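Chemist: No sequence on hand, only this structure:
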């Protein structure tokens with residue numbers, strides 16, 4: 001895989017600048033060039049790789065690497081691929097210093113166009129001077145943890161950045177780094193406003209995020225008896241389970257809720273009477289409409305013969321051709337604020 005930040009992260013170890021530690025934690029681990037060569041420096045049990053985004057977790061070679069959605073303990077080195085979102089990245093730096101042993105290595109790699117200098121400056125502010133190497137249009141920087149140089153108060157403040165926060169007047173809990181983490185997304189709100197009240201039976205929410213759309217289904221559609229939430233980001237899925245508990249308990253008719261840490265484009269394991277989704281259409285800085293088309297294909301394969309898909313998307317995204325190829329009926333329910341809500345029904349053989 002072409003991932004320059006991953007390739008740069010390994011360089012200090014592969015060129016001998018840094019010795020391989022006895023055991024390391026790799027936060028936000030991703031597959032990329034140089035991984036197999038890097039792996040050869042360690043015994044089978046030496047690397048714990050944490051990745052909460054399911055497509056990246058699935059892409060990691062599992063042989064010899066322990067993959068976790070949330071890893072605890074302390075390590076001789078902590079490697080980080082910080083995300084773009086600043087609060088989330090700062091919390092990750094604070095966590096690395098918390099989980100590295102005294103004198104252990106903290107090594108981070110960031111693409112230049114993803115805020116490399118700013119995140120490097122954050123680590124300096126938090127724990128002192130770093131050594132820096134520039135390669136592959138990225139910056140890789142590292143230091144050895146020294147308790148006398150770590151700003152403990154700042155580390156605690158930044159660690160708290162990742163704690164769940166109340167949003168939408170306390171209706172939901174969310175956290176930095178999730179999609180539309182600090183608000184109710186306009187597109188999802190438009191879809192919620194046009195949910196058919198007669199939705200019934202067993203449904204699914206694809207790309208459920210912190211649970212807003214699923215919550216609206218439970219509130220607006222009393223005949224829904226079960227709802228499966230599919231979300232690729234484990235940090236979001238945990239919050240969705242927390243956020244929906246009160247709504248589910250308050251319903252006159254109970255609903256069965258299931259939560260799946262899952263990459264939707266790989267397909268769904270069962271049939272549904274209806275599916276709602278605000279599918280992703282970008283990864284990093286790049287628009288990738290094929291992601292949304294993958295969600296549509298997964299929905300078409302999982303819906304009952306006359307099941308309904310309720311989809312919201314940016315107006316400029318041309319999903320209609322894929323919808324018409326897979327469904328016998330498509331209808332625009334709303335077109336406002338730059339978004340469109342589409343209902344598709346009657347899956348083709």
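Modeler: Sure thing, it's come through. Source: prediction; values computed, not measured. Numbers count the residues shown, from 1 in each chain.

Chemist: The longest helix seen in the chain: what's the following helix or strand?
Modeler: Scanning the chain for the helix with the most residues, using DSSP state H, yields helix 234-250. Where DSSP states H and E defines the elements, the next helix or strand beyond helix 234-250 is strand 256-261.

Chemist: Next secondary structure after that following strand?
Modeler: For strand 256-261, the succeeding helix or strand toward the C-terminus, using DSSP H and E, is strand 272-277.

Chemist: partner strands of that next one, parallel or antiparallel?
Modeler: Strand 272-277 pairs in its sheet with strand 201-206 (parallel), strand 303-314 (parallel), by DSSP bridges.

Chemist: And the residue nearest the centre of this structure?
Modeler: residue 233 (3.1 Å; C-alpha atoms, centre = their mean).

Chemist: from memory it sits against residue 51, does it?
Modeler: No - counting by C-beta atoms under 8 Å, residue 51 is not a contact partner of residue 233; they are 10.2 Å apart. For the C-beta atoms, the positions are set from N, CA and C on the backbone; glycine is no exception.

Chemist: so where is this protein shaky, pLDDT-wise?
Modeler: 1, 44, 62-64, 282-287 (pLDDT under 70).

Chemist: repeat that with 80
Modeler: Applying pLDDT under 80 to the chain flags the ranges 1, 44-45, 61-66, 69, 281-289, 349.

Chemist: where exactly do the helices run in it?
Modeler: Remark: helices assigned in the chain by DSSP H are 4-14, 35-39, 54-59, 86-99, 116-127, 152-159, 186-193, 212-220, 234-250, 289-302, 320-326.

Chemist: Would you mark the buried spots in the fourth one?
Modeler: Along helix 86-99, the positions that meet the burial threshold by neighbour count (16 or more other C-beta atoms under 10 Å) are 86-97, 99.

Chemist: Now distance to residue 114 too, for the residues you listed, in CSV please.
Modeler: As requested, the buried residues of helix 86-99 are exported to CSV (distance: C-beta to C-beta, whole Å):
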residue, distance to residue 114
86, 11
87, 15
88, 12
89, 9
90, 14
91, 16
92, 13
93, 15
94, 19
95, 19
96, 17
97, 21
99, 23
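
Chemist: picking that back up, out of the strands paired with strand 272-277, which one sits most buried?
Modeler: strand 201-206 (a mean of 24; mean count of other C-beta atoms under 10 Å).

Chemist: what angle separates that strand from strand 256-261?
Modeler: Going by axes from the mean of the first three to the mean of the last three C-alpha atoms, to 10 degrees, strand 201-206 is angled at 30 degrees with respect to strand 256-261.

Chemist: where does strand 201-206 sit relative to the chain's centre, distance-wise?
Modeler: Relative to the chain's own centre, strand 201-206 is displaced by 20 Å; criterion: C-alpha atoms, centre = their mean, to the nearest Å.

Chemist: List of residues touching it?
Modeler: 213-214, 217, 223-230, 264, 268, 271-277, 279, 295, 298-299, 302 (C-beta atoms under 8 Å, 6 or more residues apart in numbering).

Chemist: Could you check how far the residue of the chain positioned farthest from its centre is from residue 77?
Modeler: Residue farthest from the centre of the chain, counting by C-alpha atoms, centre = their mean, is residue 148 at 34.6 Å. Separation of residue 148 from residue 77 (C-beta to C-beta, to the nearest Å): 20 Å.

Chemist: same question, residue 223
Modeler: 54 Å.

Chemist: of those two, who's got more company?
Modeler: Taking other C-beta atoms under 10 Å, residue 223 and residue 77 do not tie; residue 77 has more neighbours (26 against 12).

Chemist: Tell me what residue 132 is bridged to.
Modeler: Residue 132 has the following beta-bridge partners by DSSP bridges: residue 141.

Chemist: Make sure it is actually in contact with residue 141.
Modeler: Yes - using C-beta under 8 Å, residue 132 makes contact with residue 141 at a distance of 4.4 Å.

Chemist: joint contacts of those two?
Modeler: Overlap of the contact sets of residue 132 and residue 141 (by C-beta under 8 Å, 6+ apart) consists of residue 120.

Chemist: So which of the two has more stuff around it?
Modeler: residue 141 (23 against 13).

Chemist: Quick check, residue 67 in contact with residue 53.
Modeler: No - in this structure residue 67 lies outside contact range of residue 53 using C-beta under 8 Å: 11.7 Å.

Chemist: contacting residues for residue 272?
Modeler: Taking C-beta under 8 Å, 6+ apart as the test, what residue 272 contacts is 201, 202, 203, 204, 228, 302, 303, 304, 307.
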